[in-house]
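Student: build the 3D model from these lines:
(one chain, ligands or ions: 2)
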Amino acid sequence: MIQIVHLSDIHFSEAYFVPEIAESMLQSINDLNPDIVVITGDLTENGFSAEYNGVKRFIDRIECKEKVLVPGNHDSKNAGYLHFEDLFENRFQTRNFGNMTIVGADSSQPDLDEGHLGRENYGWIKEAFSGEKFKVFALHHHLVPIPLAGRENTVLVDAGDVLDLLNKCRVNLVLCGHCHIPHVWNLNDMLVVNAGTFCSSKTRGKTTQCYNLIQAENSKETGKKEAEKIGNSSWKIRVSRVFPQGQTELVTETVM
Ligand SMILES: [Fe+2]
Ligand SMILES: [Fe+2]
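Tutor: Ligands and ions are numbered 1, 2, ... in the order given. From the prediction side, this is the model:
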């Protein structure tokens, strides 16, 4: 079984970062000992160098060798994307871990809140997902609208084309952040999982800070009938939310 921790929207800054919650969440992630940690943007509030340095020190304390990060709209403010490239990896990347492919893409645009992936990226993403692995796509902005997001301006401006691309590539899991509302849609056997804010005070409505735990089990490992939907290459996926006091809530469980 592969365990992915998906967290988002740390918003490291004097104004919004809540250290007690961050410490509690950090401890629970390290206790889980995940295989992969995916962080879907808004690491910082303003994209400033000091914020980047602070959030880098914090992320370094997450005990996991494999981390995939993408920037959010807040990280690209004030030319902050330059710090992202210095401290983390490329803003676009393909990573292969065993029988899993993760593509991370920067959907931000400098000093704009709107997300945009862009046609120039569709080709390499299609190529990256050409194999028969478990496929994960990570980006900051929403791929589809979710409840409580208010007047809809959070989805990618090219969301329809990106949705079609990922669907044709038979992507299993899409991980997003941005609006600080945890939510899951299942679209054509593709789970679109939004994360809440990890440890900032920027919670929306009655939501609280949380992160997602995704457990993916290949039918070859389980040998269970329920996971034999598509020959022997199907996956059983569980998505749970973990909250600051360590409570865990199972959100969905599906076979794809
Ligand atoms: Fe955010
Ligand atoms: Fe955002």
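
Student: going by C-alpha atoms from here, please, whenever you check contacts or count neighbours.
Tutor: Will do.

Student: what sits closest to residue 122 if chain neighbours are left out?
Tutor: residue 165 (7.3 Å; Cα to Cα, 6 or more residues apart in numbering).

Student: please settle this for me: is that neighbour part of a helix?
Tutor: Yes - the assignment for residue 165 by DSSP: H, G, I helix; E, B strand; the rest coil puts it in a helix.

Student: tell me the residues of the chain that contact ligand 1?
Tutor: With Cα under 5 Å from the ion as the criterion, the chain meets ligand 1 at residues 9, 178.

Student: run through the chain and note the low-pLDDT ranges.
Tutor: Along the chain, segments meeting pLDDT under 70 span 221-233.

Student: residue boundaries of the strands in it?
Tutor: Counting by DSSP state E, the chain has strands at residues 2-7, 36-40, 66-70, 93-97, 100-104, 134-138, 173-176, 183-187, 190-194, 211-218, 235-242, 248-255.

Student: what are the buried residues along the last one?
Tutor: Residues of strand 248-255 classed as buried: residue 255 (neighbour count, 16 or more other Cα atoms under 10 Å).

Student: what's near enough to touch the closest residue to ligand 1 within the stretch 151-256 of the chain?
Tutor: Residue of the stretch 151-256 of the chain nearest ligand 1, by Cα to the ion: residue 178 (4.4 Å). Going by Cα atoms under 8 Å, 6 or more residues apart in numbering, residue 178 touches 8, 9, 41, 42, 72, 140, 141, 142, 154.

Student: could you rerun that using 6 Å?
Tutor: Residue 178 makes contact with 140, 141, according to Cα atoms under 6 Å, 6 or more residues apart in numbering.

Student: any idea how far it is from residue 12?
Tutor: 14 Å (Cα to Cα, to the nearest Å).

Student: same thing with residue 33?
Tutor: 23 Å.

Student: same question, residue 126
Tutor: 33 Å.

Student: tabulate the CA atom coordinates of the longest helix that the chain contains in CSV.
Tutor: Taking DSSP state H as the criterion, the chain has its longest helix at helix 19-32. What follows is helix 19-32, C-alpha atoms only, in CSV (Å, rounded to 0.1, in the frame of the first residue of the first chain):
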residue,chain,number,x,y,z
PRO,A,19,2.6,27.4,15.0
GLU,A,20,0.7,25.2,17.5
ILE,A,21,-1.5,23.7,14.7
ALA,A,22,1.5,23.4,12.4
GLU,A,23,3.5,21.5,15.1
SER,A,24,0.6,19.1,15.9
MET,A,25,0.0,18.4,12.2
LEU,A,26,3.7,17.9,11.6
GLN,A,27,3.9,15.4,14.4
SER,A,28,1.0,13.4,13.1
ILE,A,29,2.4,13.2,9.6
ASN,A,30,5.8,12.0,10.9
ASP,A,31,3.9,9.4,12.9
LEU,A,32,2.2,8.2,9.7
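
Student: which outside residues touch it?
Tutor: 63, 199, 244.

Student: please tell me which one of the residues you listed counts the most neighbours.
Tutor: Counting neighbours by other Cα atoms under 10 Å, residue 199 leads those with 30 neighbours.

Student: residues in contact with it?
Tutor: Going by Cα under 6 Å, 6+ apart, the list of residues near residue 199 reads 10, 18, 21, 22, 209.

Student: not counting sequence-adjacent ones, nearest residue to it?
Tutor: residue 22 (5.1 Å).

Student: for residue 61, see how far away the one you found is.
Tutor: For residue 22 relative to residue 61 (Cα to Cα), the value is 11 Å.

Student: the more surrounded of those two?
Tutor: residue 22 (17 against 12).
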